[in-house]
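In: structure, please.
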Amino acid sequence: MSHPSSAGGGGGGLGAGKAGGGKHGGSGGAAVAAAGVGAVAGSVSALPAAVVSLPSAALPGQSAELTALFECPVCFDYVLPPILQCQAGHLVCNQCRQKLSCCPTCRGPLTPSIRNLAMEKVASTLPFPCKYASAGCLLSLHHSEKPEHEEVCEFRPYTCPCPGASCKWQGSLEAVMPHLMTPHPSTAPTALTPTTSSAQPTSARQGGHCPG
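Out: From the prediction side, this is the model:
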């Protein structure tokens, strides 16, 4: 009689042990699952923060690509605030806009004037190259400083300084003196002798005037 009882007790103990083990095993599995979900959730929540916090230096071509969006399709200078667009959203610089009756991109009307505030905010965060970058200027400036710099930029084109001449020449600062050594028909005498003609470059170099 004791064996069935012990067997029953053993069975009961075994059953209790299985139940207890199942219970503990279930709680352990839940803990592991919870830890896994927490880890995945942590990694997912970290992704947007990493993307948002990427510095601009990590994307070297980003600034140039954004700046290119501001190129005027007419003069290829940059469209700076206040930025106006056509009804289809195309941009054109204020200087060219005054000379146009329709959008150069879609041929749609430029009126009424629609201001693009979003592009103005983007422009305030970008450096814009000087308009004389192709001539050698390496500066990039905030759009509010760009016009003032370009008025005195050493790479801007210079006009002919010859007094009394109607010369329309324009060139770099380094090309001014070589240009002054060339004849100017508007200031040349009606008749030149070989002697005066050969002496003019010397007098021009001494007096700083354009030769005849």
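In: and residue 70, how many neighbours?
Out: By other CB atoms under 10 Å, 19 other residues sit near residue 70. From N, CA and C alone the C-beta is placed, and that goes for glycine too.
In: domain map for this protein?
Out: Taking automatic domain parsing as the domain assignment, the ranges for the chain are 62-126, 157-185.
In: what's the mean pLDDT across the first one?
Out: The average pLDDT for domain 62-126 rounds to 91.
In: before we move on, what about stretch 169-179?
Out: pLDDT averaged over stretch 169-179 gives 87.
In: what's the span of that stretch from first residue to last?
Out: This stretch, stretch 169-179, spans 9 Å end to end (CA to CA, to the nearest Å).
In: nearest to residue 146, out of the domains of the chain?
Out: domain 62-126 (6.9 Å; CB to CB).
In: hmm, back to that, put together a markdown table for the domains of the chain, with distance to residue 149 on each row.
Out: Shown next, in a markdown table, are these (distance: least, CB to CB, whole Å):
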| stretch | distance to residue 149 |
| --- | --- |
| domain 62-126 | 13 |
| domain 157-185 | 15 |
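In: looking at those domains, which is nearest to residue 137?
Out: Residue 137 sits nearest to domain 157-185 of all those, at 11.2 Å, using CB to CB.
In: distance of residue 80 relative to residue 116?
Out: Applying CB to CB, to the nearest Å, the value for residue 80 to residue 116 is 12 Å.
In: can you check which residues contact both of the two?
Out: Common neighbours of residue 80 and residue 116 are not found (criterion: CB atoms under 8 Å, 6 or more residues apart in numbering).
In: that older thread, the domains of the chain: which one's closest to residue 147?
Out: Here domain 62-126 is closest among the domains of the chain (CB to CB), at 8.1 Å.
In: what ranges does the protein have for its helices?
Out: In the chain, the helices defined using DSSP state H lie at 2-52, 62-68, 94-97, 117-123, 146-152, 176-180, 194-207.
In: among those helices, which gets the worst mean confidence?
Out: helix 194-207 - the lowest mean pLDDT of these, at a mean of 38.
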